[in-house]
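**Q** after the sequence you'll find the predicted model.
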Amino acid sequence: MAGAALFFANITPASLPEPMALSTLEQATDRYLERLGPSRQELTAAGLEQRPTSSWPEDYKIVEGVLQAGDTLSIALRRVGIEEAVRTQIIRALAGLLDFRTLRPNDRFKVVLDGNGELVESRYETGPLDVYRVNRAADNSLQAEKVNVSLERRTMKISGEVTSSLFAAFQPHGENPRLVYTFADIFASHIDFNLETRAGDRYSLVFEKYYKNGEFVGYGRLLSASYQMVGGETLEAFRYESPDTPASYFDRDGNELGASFLRSPVPTARVTSGFTHQRLHPILNVVRPHLAVDLAAPEGTPVMATADGRVVFRAMNGGNGNMITIDHGNGYRSSYAHLSGFRRGLKVGDRVRQKDIIGYVGSTGLATGPHVCYRIQHNGEYVNPLALKFKPRSVLAGAELAAFQTQVKEITRLAKKGGESQALLKVKEITLEPEERLTLL
């Protein structure tokens with residue numbers, strides 16, 4: 001969005017009413033603005049909380065507004081009646097602190113003017129975690145700062161049983177879909193939740209939710225997760241990080257869950273043809289090996305690289321249609337056939353990372369419908385992608401393992417406090433300093 005900013009008109013100490021000092025005004029404004037709601041999607045000008053009129057002198061004017069689509073801050077301020085001189089002051093004060101290109105519709109602002117129309121203070125809130133203030137210093141100059149944000153961190157637990165799909169199982173909890181996607185992503189190298197879930201499987205997770213003034217801001221860390229398969233193994237994951245170990249998920253023994261290959265290159269798909277040495281070809285009507293797995297999905301569904309590597313083939317390949325082959329090193333290659341198209345700009349020789357989009361599901365070549373034919377070769381021999389076992393990326397040891405296991409015990413103890421379905425485990429008030437960044441899911 002084009003640059004726009006808040007302005008404060010020049011005021012002198014004489015222009016302020018005697019009964020209330022400027023510092024008192026700032027403190028009162030702080031208390032009020034800390035109660036502003038967090039979610040930008042829910043903000044409207046009409047919905048802004050109103051400050052009690054007794055908090056400001058009667059001749060002071062409080063102007064509030066919300067950015068609309070296509071607005072700059074200057075346009076939004078002008079729409080609510082802020083004079084050009086004040087608009088200019090606000091924008092100049094915020095320049096260098098607030099990146100005006102990041103402004104979005106539903107960002108909101110507040111301007112306080114004295115009885116002479118001079119600026120007393122202004123606030124700009126771009127999302128619940130980024131609040132900026134412009135006010136007067138002792139020398140009457142304007143100063144801009146990013147202010148502290150008070151949050152409540154709630155540690156939650158949810159658990160349940162799968163009856164149809166993992167996504168359906170999460171719905172009764174009323175959580176955002178991004179939570180179930182994060183849960184599924186943790187175990188992506190061990191289970192494909194689109195293909196391998198069974199009725200009776202059980203799940204459990206402990207995670208953080210942040211609130212501001214009682215309003216949900218976003219999900220914090222997913223601290224632990226488990227998935228128990230009917231008649232099979234139980235997958236467990238515990239988040240751990242330290243100065244020497246980047247944040248990742250590990251099992252109880254300290255083995256990192258992220259293996260070298262994903263189970264599936266398509267986020268949502270169903271197996272229509274498995275890995276076999278004898279299959280009746282649906283078009284050619286002859287029996288021959290099908291040394292791949294066919295994953296059906298809607299036309300145009302993104303296809304991901306299942307592991308880091310280098311593109312060694314990207315072209316039309318006869319009956320395989322549009323196909324990509326990636327060399328992953330250590331004798332491994334993966335291929336993705338029948339694509340409707342390739343990611344724009346992708347070419348032979350490019351390096352790709354695991355989960356990068358490389359193409360899109362299609363039905364080019366010999367195909368009866370949209371799907372991706374997924375193959376893996378190891379030392380030139382085709383192997384079943386769904387039966388491969390890979391080593392963990394890393395294994396904790398020594399002091400790192402001891403610290404991790406201490407953390408696992410604490411999370412396990414905390415999780416036992418919760419019930420079977422949904423529980424609030426812990427609540428903590430925190431203050432987000434201007435230089436701190438809070439990573440949300």
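**A** Looks like it arrived, so ask away.
**Q** could you pull out the helices in this structure for me?
**A** 22-33, 73-79, 84-94, 166-170, 177-186, 398-415 (DSSP state H).
**Q** closest to residue 324 out of these?
**A** helix 177-186 (22.1 Å; C-beta to C-beta). The C-beta positions use only the backbone N, C-alpha and C, and glycine is treated the same way.
**Q** contact partners of stretch 225-238?
**A** The contact list for stretch 225-238 (C-beta atoms under 8 Å, 6 or more residues apart in numbering) reads 183, 186-187, 190-191, 196, 198-206, 223-224, 249-252, 257, 404, 407-408, 411.
**Q** in strands, which of those fall?
**A** Of the contacts of stretch 225-238, the ones assigned to strands by DSSP state E are 202, 203, 204, 205, 206, 223, 224, 249, 250.
**Q** so how many other residues sit close to the fifth one?
**A** The one in question is residue 206. If you count neighbours by other C-beta atoms under 10 Å, residue 206 ends up with 25.
**Q** likewise for the first one?
**A** Residue 202 has 16 neighbouring residues, counting by other C-beta under 10 Å.
**Q** how much space between the nearest residue to it once chain neighbours are set aside and residue 122?
**A** Of all residues not flanking residue 202 in the chain, residue 228 sits nearest, at 4.4 Å (C-beta to C-beta, 6 or more residues apart in numbering). Distance, residue 228 to residue 122, by C-beta to C-beta, to the nearest Å: 54 Å.
**Q** now residue 216
**A** 27 Å.
**Q** and these two? which has more neighbours close in?
**A** Between residue 216 and residue 122, counted using other C-beta under 10 Å, the more crowded position is residue 122 (29 against 15).
**Q** ok, residue 185 - how many residues close by?
**A** 16.
**Q** ignore what I typed, I meant residue 303.
**A** 28.
**Q** report the distance from stretch 138-157 to the chain centre.
**A** Centroid separation for stretch 138-157 versus its chain: 22 Å, with C-alpha atoms, centre = their mean, to the nearest Å.
**Q** so which bits of it are buried?
**A** Residues of stretch 138-157 classed as buried by neighbour count (16 or more other C-beta atoms under 10 Å): 142, 144, 146, 147, 149, 151, 152, 153, 154, 155, 156, 157.
**Q** go on, stretch 207-225?
**A** 207-212, 217-225.
**Q** now do stretch 278-298
**A** By neighbour count on 16+ other C-beta under 10 Å, the buried set for stretch 278-298 is 279, 290, 291, 292, 293, 294, 295, 296, 297.
**Q** where does residue 40 land on pLDDT?
**A** Here, the pLDDT recorded for residue 40 equals 29.
**Q** my bad, should have said residue 439
**A** Looking at residue 439, its pLDDT stands at 85.
**Q** and for residue 181?
**A** Residue 181 carries a pLDDT value of 88.
**Q** burial of it, as a residue count?
**A** For residue 181, the count of nearby residues is 15 (other C-beta under 10 Å).
**Q** same question for residue 231.
**A** 7.
**Q** against residue 252, how distant is it?
**A** From residue 231 to residue 252 the distance is 21 Å (C-beta to C-beta).
**Q** ok, residue 360 touching residue 303?
**A** Yes - counting by C-beta atoms under 8 Å, residue 360 does reach residue 303; the two are 6.2 Å apart.
**Q** any shared contact partners between the two?
**A** residue 339.
**Q** relative to residue 398, which of the buried residues of stretch 138-157 is nearest.
**A** residue 155 (28.6 Å).
**Q** need the contact list for that closest one.
**A** By C-beta under 8 Å, 6+ apart, the neighbours of residue 155 are 206, 207, 208, 223, 414, 424, 425, 426, 427, 428.
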